[in-house]
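Novice: Give me a model of this one.
(one chain, ligands or ions: 1)
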Amino acid sequence: MNLIRRKSEKYLFYEALERRLPSNHYYLDTIQQNLRKERGGYTGELRVDRELHETRHYEEYKVLRNLFVGSNQSYCQIDTLVIHQHFILIIEVKNIPGFLTYDEVTHQLTRQRDNGPVEGMGDPKSQIKRSERFVRNFLTKYKLSIPVHGMIVLSNPTSILAEPFKDCPAVHVSGLYETMENLHQLYTEHQNPPNFDTRKIQRLFQQHEPIIPPYRPTHIPITIFKDIQTGVLCSNCGKNKLDYKSKSWRCSHCKFKSESAHLEALNEFSILFSREITTVEWMNFSGLKSLATTRRVLNESNLEKNGGNKNRKWIIHRISKS
Ligand SMILES: [Zn+2]
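Specialist: This next block holds a predicted model:
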């Protein structure tokens with residue numbers, strides 16, 4: 001499921017919200033700021049993916065991305081998990097531009113940009129140590145004693161780390177190649193390094209990935225959800241609502257025409273509200289005029305059905321976008 005890098009739930013959430021809030025909405029600026037941060041993080045992760053791909057032993061790895069480890073109640077999210085026959089490496093990608101200082105006593109990371117104010121950031125060291133604990137516990141549960149390493153990778157070219165973290169490697173993305181070489185060197189010098197079945201371990205992590213409910217931020221005023229623009233929106237000219245005529249969605253503004261534009265709207269509904277939708281909910285959201293047409297459109301959308309005709313709910317499987 002996570003062999004390719006997908007956008008995080010948070011990223012998808014802000015993207016859908018930005019698209020569906022009216023252009024003059026008072027909260028749009030905040031959403032766009034959050035979206036920029038998520039976009040930066042995602043770009044950084046892709047940069048790390050590219051660098052990792054260029055390392056000498058890449059073909060020997062199984063790599064899992066945005067992986068959840070733990071249970072449905074208590075879990076951690078890992079940006080990149082590298083599985084090698086001798087070891088496992090957890091990579092935590094940080095896209096934080098500016099001058100970074102870490103206090104080992106208070107576990108506080110601060111950053112300063114262009115002589116601006118000093119800002120407190122999340123603690124990447126505690127985060128990676130926590131991820132290591134989750135991965136070790138997971139492996140112990142399946143009686144695997146494979147060595148686990150953790151590493152912070154700074155993906156932003158303008159990040160400057162004042163001092164290295166103690167007991168926790170942190171490198172710039174440009175130093176990833178060499179760091180991976182050093183890691184392999186450790187096991188080359190080892191007389192009898194352990195040999196694990198990478199495919200089996202990869203499958204184990206994937207099969208036991210906890211199911212996490214959709215992202216719901218707590219800091220966003222709940223009232224903005226009532227301002228969300230409904231309808232199937234035009235992907236060509238922006239936020240114009242499409243009309244459904246003769247089995248096609250049509251834009252009165254730019255003349256765009258599509259038979260499948262509603263799939264994106266269903267996707268956004270699942271991100272913003274719920275993965276399940278009733279026929280009436282979809283009729284209200286899409287703006288379709290008749291129940292029969294609504295049902296037909298849903299029937300042709302390849303959705304999973306839950307329940308009989310009367311109380312039917314449709315389960316929206318996400319369109320994967322990378
Ligand atoms: Zn249009």
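Novice: going forward, measure contacts between C-alpha atoms and count neighbours the same way
Specialist: Fine.
Novice: Can you show me the helices along the stretch 151-300 of the chain?
Specialist: For the stretch 151-300 of the chain, the helices defined by DSSP state H, counting those that start in this stretch occupy 176-189, 198-207, 262-272, 279-286, 291-299.
Novice: Take the ones you listed and lay them out in JSON lines including distance to residue 228 and mean neighbour count.
Specialist: Conversion of these to JSON lines gives the following (distance: least, CA to CA, whole Å; neighbours: other CA atoms under 10 Å):
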{"stretch": "helix 176-189", "distance to residue 228": "43", "mean neighbour count": "14"}
{"stretch": "helix 198-207", "distance to residue 228": "35", "mean neighbour count": "15"}
{"stretch": "helix 262-272", "distance to residue 228": "9", "mean neighbour count": "21"}
{"stretch": "helix 279-286", "distance to residue 228": "10", "mean neighbour count": "18"}
{"stretch": "helix 291-299", "distance to residue 228": "21", "mean neighbour count": "16"}
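Novice: To the ion, which of those lies closest?
Specialist: Closest to the ion of the helices of the stretch 151-300 of the chain, according to CA to the ion: helix 262-272, at 13.9 Å.
Novice: Can you add mean pLDDT and distance to the ion and give the helices of the stretch 151-300 of the chain back as a markdown table?
Specialist: Compiled in a markdown table, the helices of the stretch 151-300 of the chain are given as follows (pLDDT from 0 to 100; distance: least, CA to the ion, whole Å):
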| stretch | mean pLDDT | distance to the ion |
| --- | --- | --- |
| helix 176-189 | 93 | 44 |
| helix 198-207 | 96 | 40 |
| helix 262-272 | 94 | 14 |
| helix 279-286 | 95 | 16 |
| helix 291-299 | 93 | 21 |
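Novice: Make JSON lines out of these and add distance to residue 109.
Specialist: Output for the helices of the stretch 151-300 of the chain, formatted as JSON lines (distance: least, CA to CA, whole Å):
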{"stretch": "helix 176-189", "distance to residue 109": "22"}
{"stretch": "helix 198-207", "distance to residue 109": "30"}
{"stretch": "helix 262-272", "distance to residue 109": "32"}
{"stretch": "helix 279-286", "distance to residue 109": "44"}
{"stretch": "helix 291-299", "distance to residue 109": "49"}
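Novice: Longest helix of the protein, counting residues only.
Specialist: Ranked by number of residues, the top helix in the chain under DSSP state H is helix 28-53.
Novice: List the buried residues in that one.
Specialist: Applying a neighbour-count criterion of 16 or more other CA atoms under 10 Å, the buried positions in helix 28-53 are 28, 31, 34-35, 38-49, 52.
Novice: After the worst-scoring helix or strand of the chain on mean pLDDT, which helix or strand is next?
Specialist: Taking mean pLDDT, DSSP states H and E as the measure, strand 304-306 is the helix or strand of the chain with the lowest mean score, a mean of 87. Sequence order places strand 313-315 as the next helix or strand after strand 304-306, per DSSP states H and E.
Novice: helices and strands around that next one, which ones?
Specialist: strand 276-278, strand 304-306 (3 or more CA pairs under 8 Å, 6 or more residues apart in numbering; DSSP states H and E).
Novice: Determine which stretch of the ones you listed is the most buried.
Specialist: Each of those was scored by mean neighbour count; the highest is strand 276-278, a mean of 20, by mean count of other CA atoms under 10 Å.
Novice: In its sheet, which strands sit next to it, and in what direction?
Specialist: Its sheet considered, strand 276-278 pairs with strand 313-315 (antiparallel) by DSSP bridges.
Novice: quick one: contacts of the strand it pairs with?
Specialist: 275, 276, 277, 278, 279, 298, 303, 304, 305, 306, 307 (CA atoms under 8 Å, 6 or more residues apart in numbering).
Novice: Touching, residue 119 and residue 110? I think so.
Specialist: Yes - because the distance of 5.4 Å satisfies CA atoms under 8 Å, residue 119 is recorded as touching residue 110.
Novice: Looking at those two, which one has more neighbours?
Specialist: residue 110 (18 against 11; other CA atoms under 10 Å).
Novice: my read is that one is in a strand, agree?
Specialist: Yes - Residue 110: assigned to a strand according to DSSP: H, G, I helix; E, B strand; the rest coil.
Novice: give me the beta-bridge partners of it?
Specialist: Here residue 110 sits in beta bridges with residue 101, residue 120, as judged by DSSP bridges.
Novice: what separates residue 110 from residue 275, distance-wise?
Specialist: With distances taken as CA to CA, to the nearest Å, residue 110 is found 38 Å from residue 275.
Novice: For the stretch 201-322 of the chain, what lies in contact range of the ion?
Specialist: 234, 236, 237, 251, 254 (CA under 5 Å from the ion).
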